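**Q** turn this into a structure:
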Amino acid sequence: MATQQKHEEGFVAGLLRSMVPALLLALVIRTLLFQPVNIPSGSMKPTLLVGDYLLISKFTYGYSHYSLPFAPALFSGRVFPSPPSRGDIVVFRSPTDEGTNLINRTIGFPGDHIQVIEGALHINGTPVKRERMEDYVGEEPCQPGPVLGAVGRVKRWHETLPNGVSYQTLD
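**A** The predicted model follows:
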């Protein structure tokens, strides 16, 4: 009986010795380096689709207290900050629901005047270069329509930002 108890204790101790470092390593990687995120909506179609997974870089724009597990308010601002570039896809927490990640493309900076005039994006009064593409055919990107999962045709455009970054967008 004593031998079996020692064997079980040895098994549990060995399991803990192997799992604890692995969990700590995963926590460090997820906190400081990379984090998987799921695309929750169709707002980035056709570039990113609902249900897609991304592995985001945590260090590209620096760290805030939101970079830490459970977001403790240990400090304010950013550590090692770096600004995004036009065209970068950024992931951030919703200001109204901290449990929800939002995903958007950076098109403007503080001080820029962003407008959509007759469906076309304008940055500081200048329209973004926009070329018509073949229609996007598939599940309605932003509106479910009368039947959930309805298939429709949506105008698709190829837009190029002032810095040369281009992407597809839907009307």
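
**Q** let me see the backbone angles for the most centrally placed residue in the chain.
**A** The residue lying closest to the centre of the chain (C-alpha atoms, centre = their mean) is Val91, at 3.5 Å. Per-residue torsions, Val91: phi -120, psi 130 (degrees, to the nearest 10).

**Q** partner strands of the helix or strand hosting Arg156, parallel or antiparallel?
**A** Assigned by DSSP states H and E, Arg156 falls within strand 151-160. Under the criterion DSSP bridges, strand 151-160 sits next to strand 129-139 (antiparallel), strand 166-170 (antiparallel) in its sheet.

**Q** model confidence over that strand, on average?
**A** Strand 151-160 comes out with an average pLDDT of 88.

**Q** return the set of buried residues in it.
**A** By neighbour count on 16 or more other C-beta atoms under 10 Å, the buried set for strand 151-160 is Val154, Arg156, Trp157, Glu159. (Each C-beta comes from the backbone N, C-alpha and C, glycine too.)

**Q** want to throw those into CSV with distance to Phe59?
**A** Below are the buried residues of strand 151-160 laid out as CSV (distance: C-beta to C-beta, whole Å):
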residue, distance to Phe59
Val154, 36
Arg156, 34
Trp157, 33
Glu159, 28
